[in-house]
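>>> Here's my sequence, what's the structure:
(one chain, ligands or ions: 1)
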Amino acid sequence: MYDFDTLIDRRSTGCFKYDGLKQIYGESELLPLWVADMDFAVSPQIQAALARRASHPIFGYNFRLPALQEALVYWQKQRHGWDVKDHHLSVLPSLMTALAYTIMAHTQPGEGILIQSPVYPPFHNSVKEQQRKLLINSLINDNGYYRIDFEDFEAKAREAKLFILCNPHNPVGRVFTQDELQTIAEICQKHKLIIFSDEIHADLVFDDNKHNPIAQMAEEITLTGISPAKSFNLAGMGTAALISQNKQLLKAVDHYNILLHTFMGNSFGIAAFTAAYSESESWLEALLGYLKANRDYLFEQMAIKFPRIKLSPLEGTFLAWLDMRDYDISESEIIRKLKEECRLALNAGSTFGSEGEGFVRLNFGCPRATLTEAISRLKRAF
Ligand SMILES: Cc1ncc(COP(=O)(O)O)c(C=O)c1O
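Next comes the predicted model:
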């Protein structure tokens, strides 16, 4: 019903993934499997909603429409069994805006903030650049599968005010289990931490894995960031939401949302967000089937052709985590070979934290033909 195979030329649309290659990698003619958006057209329902919005010629300030809230409430209940009807909600331009405001609202310079590295680079940066103390609970790499070191987590939680959770986890591909989340929730409650739960990849979960919003286990201390940016390929739409059962927690964050005048949303973002959650579920189901097949193909091909590259089991997200350390060359040499010999742009692992040194992240949210080409290009150097 939906076409994920067609190669759509994204060059000259101002997209970071292609048009930003020159700035980031120094060359523009690389096959980009780096930044986390997908090379697929958005759902026809989203396209229609945007066309409808564009047909009205006035784009003034927005007021958070009840339709957006309804769509979000429906979606969380329908997909994740989370009832957010009576929760408080803010609209913001992005999850990283929500995170930066949360750090401003709930911590002071010098106070500890806990993250689980390797993790999405802005988690590190948002803490460091606001002069908070970065506390790192390194994930344990257990033969490629990442587990939480709870003893270390609790030791660091004693010193922290805020914990930033990434679930599903970018880049290691974990969807944390109910038991893991329960343990995290208990430790955070015991040591009076606030949880900022980044659930942007929540809808991108495969096999028998299930996404569990941690707010269900720790509603009084949790702020949950959600957005259709990843699952519906809307990262350029500038619209995300922050949800909490605890009005005071959210109100403190909203202080900055109002101060910086980012609370009114974006006309197109609101239309796309609403159409994603209220009308595009069958598209998402089809996407999940396509991504799962891409993942299985990638794992199969890599095992046959590149047995020295170890892939972490991938429970969720469209981002594969490749351990290249068996080649025994530096990470910069790996990236150089990928770029100059394979003509590929992938993310260097160390940008996710020192635990990622010697790894690379590969985005398989692309037509199968692109993935096949990328795998074949790897042969030029590995
Ligand atoms: C875990 C995670 N959080 C947040 C983002 C970015 O979200 P936003 O653009 O809404 O800040 C990404 C993008 O890759 C991500 O992987």
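>>> Helices of this structure, residue ranges please.
Taking DSSP state H to define them, one finds helices in the chain at 16-19, 21-25, 44-55, 66-80, 95-106, 121-128, 150-157, 178-190, 247-259, 267-279, 281-305, 331-336, 368-378.
>>> strands paired with the longest strand seen in the chain, and their directions?
As assigned by DSSP state E, the longest strand anywhere in the chain is strand 160-166. Strand 160-166 has its sheet partners listed here by DSSP bridges as strand 112-115 (parallel), strand 194-198 (parallel).
>>> Alpha carbons of the shortest one, as CSV, please.
Taking Å, rounded to 0.1, in the frame of the first residue of the first chain, the C-alpha atoms of strand 112-115 are listed here in CSV:
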residue,chain,number,x,y,z
GLY,A,112,24.8,16.4,38.8
ILE,A,113,22.9,15.0,35.8
LEU,A,114,23.1,11.3,35.0
ILE,A,115,23.2,9.8,31.5
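>>> That one close to the ligand?
No: Strand 112-115 is not in contact with the ligand by C-beta under 6 Å from any ligand atom; minimum separation 11.2 Å. C-beta here means a position set from N, CA and C on the backbone, and glycine is covered the same way.
>>> what sits up against that strand?
103, 107, 123-124, 127, 132-137, 153, 156-157, 159-164, 166, 193 (C-beta atoms under 8 Å, 6 or more residues apart in numbering).
>>> try it again with 6 Å
With contacts defined as C-beta atoms under 6 Å, 6 or more residues apart in numbering, strand 112-115 is touched by Phe123, Val127, Arg132, Lys133, Leu135, Asn137, Lys156, Glu159, Ala160, Leu162, Phe163, Ile164.
>>> Could you do stretch 213-226 as well?
For stretch 213-226, contacts defined as C-beta under 6 Å, 6+ apart pick out 80, 82, 95, 98, 102, 181-182, 185, 189, 194-199, 241-246, 249.
>>> Alongside the ligand, which residues does the chain contribute?
Proximity of the chain to the ligand (C-beta under 6 Å from any ligand atom) is limited to residues 36, 94-96, 120, 166, 170, 198, 200, 227, 229, 235, 240.
>>> Take these and write them to CSV, including neighbour count.
Listed next are the residues of the chain next to the ligand as CSV, based on neighbours: other C-beta atoms under 10 Å:
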residue, neighbour count
Ala36, 20
Ser94, 20
Leu95, 22
Met96, 18
Tyr120, 26
Cys166, 24
Asn170, 25
Asp198, 26
Ile200, 25
Ser227, 29
Ala229, 24
Ala235, 19
Ala240, 24
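>>> Determine which two of those are furthest apart.
Distance extremes for these: the farthest pair is Cys166 and Ala235 at 16.2 Å, using C-beta to C-beta.
>>> Neighbours of Gln178, how many?
Neighbourhood size, Gln178 [other C-beta atoms under 10 Å]: 12.
>>> Let me fix that, I meant to ask about Arg158.
Using other C-beta under 10 Å, the number of residues around Arg158 comes to 13.
>>> do the one 5 residues further on as well
Neighbouring residues of Phe163 were enumerated by other C-beta under 10 Å; the total is 28.
>>> can you pull the contacts of it?
Counting by C-beta under 6 Å, 6+ apart, the residues that Phe163 touches are Leu114, Cys188, Leu193, Ile195.
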